[in-house]
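1. Provided below for reference: sequence and predicted model.
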Amino acid sequence: MWGYYDNDPTFVAHADKMAEFIVGKLGYPQYDVELDSGSLYACFEEAVTIYARELYNYQIRDNYYALLGTPSASFTSNQLVTPTLSNEIRLAKTYGSEIGVGGTISYYSGALPMSAHKQVYNLNEWATQSASLAPGDSIEIKKIYYREVPASMRWIDPTLGGGGQASMNVMNQFGFSGYPMSTSYMLMPLHMDALRIQQVELNDEIRRSHYGFELINNNLRIFPIPTEDRMLHFEYIKVSERNASGISTLPDGSITNPSQVPYGNITYSTINGPGRTFIAQYALALAMDKLAFIRGLFGNTVPTPNDPTTLNAPDLQTFSTNLKSDLLTQIREFFAATSRKAQLEQRQAEADAANKTLANVPMQIYIG
């Protein structure tokens, strides 16, 4: 008979009562109400649908991040959605890819031949020849291995004669020079290792041209200028693979936008008292709107046997508009107050208030 809620016996049973409520609020039987039963039932049905729209839009907003990417077939309107970390982990993988600690983007190794006395190198040229790029693709350098030999490898070299106190000199001073280095070693406090490493590194930084590089507009500038031919190793990614990593391939039927969250028609019989009160008031506002439209077709007055009757279409229209706006504002504020975030904030406020109250309560001291 109505369409959406024919199979709900509670809705069918309330339809006549709702019609009586509406016409009674509009002045019947003292005044005629130019609405038939079908129009009144339609207002009731639309009011239920508006309530379901506001409710489900709120639930979609509150649960959308948790539902994103999940199969729509696995979700029904009556299920409780518990947030997971799946989307946070998916987002974290993109950060991991950028800093080279996991993720979904492949890192590639490259080697650039450096020539003695040549300081600047064009990486676009290298990529074109050696990176196996598709047309329009490019690379992005992530790490360049151009640095001096670690200080710890230089000061412990037993053949190193200068730069502080070498291990061979110390061995000689203790009278161990007659023993082969392969069968003897010296154990010294670790702080001596740390101090000497720092001394070598600081010496290189102050007295020598320190190792480094600049990468500007795909031109790599090396410091200091190489004095011999060697290979420069680096790691890079392909820009096309990074762009593709942001697009996830999901099975058909997965939720990828709000319109795919499978909320169906609401079951009227499960709506509680406050919800049904909203529906009744909104159905009344819709009936006022429809009655104002009908009466407006006759103009401001209708001729009668005695005196012309003044119609109240403008008043009905104004009251209907204000009532619908107030009802929607109230229901949206109520749903917002029941959101996951609002409830957590309320519980936190209650816990803080309880702690402040208990702080003023004398606590009994137990002596064992």
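-> Alright, I've got the coordinates. From a predicted model like this one, the values you see are computed outputs, not experimental measurements. Residues are numbered from 1 along each chain as shown.

2. domains in the chain, as residue ranges please.
-> 9-62+255-359, 107-245 (automatic domain parsing).

3. which one of those lies closest to residue 97?
-> When those are compared by CB to CB, domain 107-245 sits nearest residue 97, at 6.7 Å. For the C-beta atoms, the positions are set from N, CA and C on the backbone; glycine is no exception.

4. Please name the strands paired to the longest strand belonging to the chain in the sheet, noting orientation.
-> For the chain, the strand reaching the highest residue count under DSSP state E is reported as strand 230-238. Strand 230-238 has the following strand partners under DSSP bridges: strand 108-114 (antiparallel), strand 139-145 (antiparallel).

5. who touches it?
-> With CB atoms under 8 Å, 6 or more residues apart in numbering as the test, strand 230-238 has contacts from 97, 100, 105-114, 121, 127, 131, 133, 137-146, 222.

6. Could you pick out the buried ones from those?
-> 97, 105, 110, 112, 114, 121, 127, 131, 139, 141-142, 144, 146, 222 (16 or more other CB atoms under 10 Å).

7. Which two of those residues have the greatest separation?
-> Farthest-apart pair in the buried ones among the contacts of strand 230-238 is 97 and 114; separation 28.3 Å (CB to CB).

8. Could you name the helices and strands sitting against the helix or strand where residue 44 lies?
-> The secondary structure element spanning residue 44 is helix 37-67 (assigned by DSSP states H and E). Applying 3 or more CB pairs under 8 Å, 6 or more residues apart in numbering; DSSP states H and E, one finds that helix 37-67 contacts helix 9-25, helix 273-296, helix 313-337.

9. can you pull the alpha-carbon coordinates of the first one into PDB?
-> Okay, so that is helix 9-25. The C-alpha coordinates for helix 9-25 follow below in PDB (Å, rounded to 0.1, in the frame of the first residue of the first chain):
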ATOM      1  CA  PRO A   9       3.000  -4.800  11.000                       C
ATOM      2  CA  THR A  10       3.800  -2.100  13.500                       C
ATOM      3  CA  PHE A  11       4.100   0.600  10.800                       C
ATOM      4  CA  VAL A  12       0.800  -0.600   9.300                       C
ATOM      5  CA  ALA A  13      -0.900  -0.500  12.700                       C
ATOM      6  CA  HIS A  14       0.300   3.000  13.500                       C
ATOM      7  CA  ALA A  15      -0.600   4.400  10.100                       C
ATOM      8  CA  ASP A  16      -4.200   5.200  11.000                       C
ATOM      9  CA  LYS A  17      -3.300   6.500  14.400                       C
ATOM     10  CA  MET A  18      -0.700   8.800  12.700                       C
ATOM     11  CA  ALA A  19      -3.400  10.100  10.300                       C
ATOM     12  CA  GLU A  20      -5.700  10.900  13.100                       C
ATOM     13  CA  PHE A  21      -2.900  12.700  15.000                       C
ATOM     14  CA  ILE A  22      -2.100  14.800  12.000                       C
ATOM     15  CA  VAL A  23      -5.600  15.900  11.100                       C
ATOM     16  CA  GLY A  24      -6.300  16.600  14.700                       C
ATOM     17  CA  LYS A  25      -3.300  18.900  15.000                       C
END
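
10. and it, how far from the chain's centre?
-> Here helix 9-25 is found 44 Å from its chain centre; the criterion is CA atoms, centre = their mean, to the nearest Å.

11. What residues sit buried inside that helix?
-> Quick answer for helix 9-25 (16+ other CB under 10 Å): 11, 14-15, 18-19, 21-23.

12. can you check the last one too?
-> With burial defined by 16+ other CB under 10 Å, the residues of helix 313-337 counted as buried are 313, 316-317, 319-320, 323-324, 327, 331, 335.

13. so it versus helix 37-67, what angle?
-> Put simply, helix 313-337 runs at 30 degrees to helix 37-67, going by axes from the mean of the first three to the mean of the last three CA atoms, to 10 degrees.

14. now the angle between helix 273-296 and helix 313-337, please.
-> 160 degrees.

15. Which other helices and strands does helix 313-337 contact?
-> By 3+ CB pairs under 8 Å, 6+ apart, helix 313-337 packs against helix 37-67, helix 273-296.

16. Show me which parts of the helix or strand that the longest one is followed by are buried, residue by residue.
-> Looking back up the chat, that one is helix 37-67. Following helix 37-67 in sequence order, the next helix or strand is helix 86-99 (DSSP H and E). Across helix 86-99, burial judged by 16+ other CB under 10 Å covers residue 97.

17. same question, stretch 27-42
-> 33, 35, 39-42.

18. just for the stretch 51-200 of the chain, where's the confidence low?
-> 151-188 (pLDDT under 70).

19. ok, 50 please
-> Along the stretch 51-200 of the chain, segments meeting pLDDT under 50 span 157-164.

20. Farthest-apart pair in the buried residues of helix 313-337, please.
-> 313 and 335 (32.9 Å).

21. average pLDDT for the longest strand of the chain?
-> Per-residue pLDDT over strand 230-238 has a mean of 92.

22. quick check: angle from it to helix 86-99?
-> Strand 230-238 and helix 86-99 meet at an angle of 160 degrees, taking the same axes, to 10 degrees as the criterion.

23. which strands and helices sit next to whatever helix or strand comes next after strand 230-238?
-> Next in sequence after strand 230-238, counting helices and strands by DSSP H and E, comes helix 239-245. Of the remaining helices and strands, those touching helix 239-245 by 3+ CB pairs under 8 Å, 6+ apart are helix 86-99, strand 139-145.

24. Out of those, flag the one nearest residue 214.
-> Each of those has some distance to residue 214 by CB to CB; the shortest is strand 139-145, at 10.4 Å.

25. What number of residues are in the vicinity of residue 268?
-> Applying other CB atoms under 10 Å, we find 24 residues neighbouring residue 268.

26. okay, it: pLDDT?
-> pLDDT, read off for residue 268, is 94.
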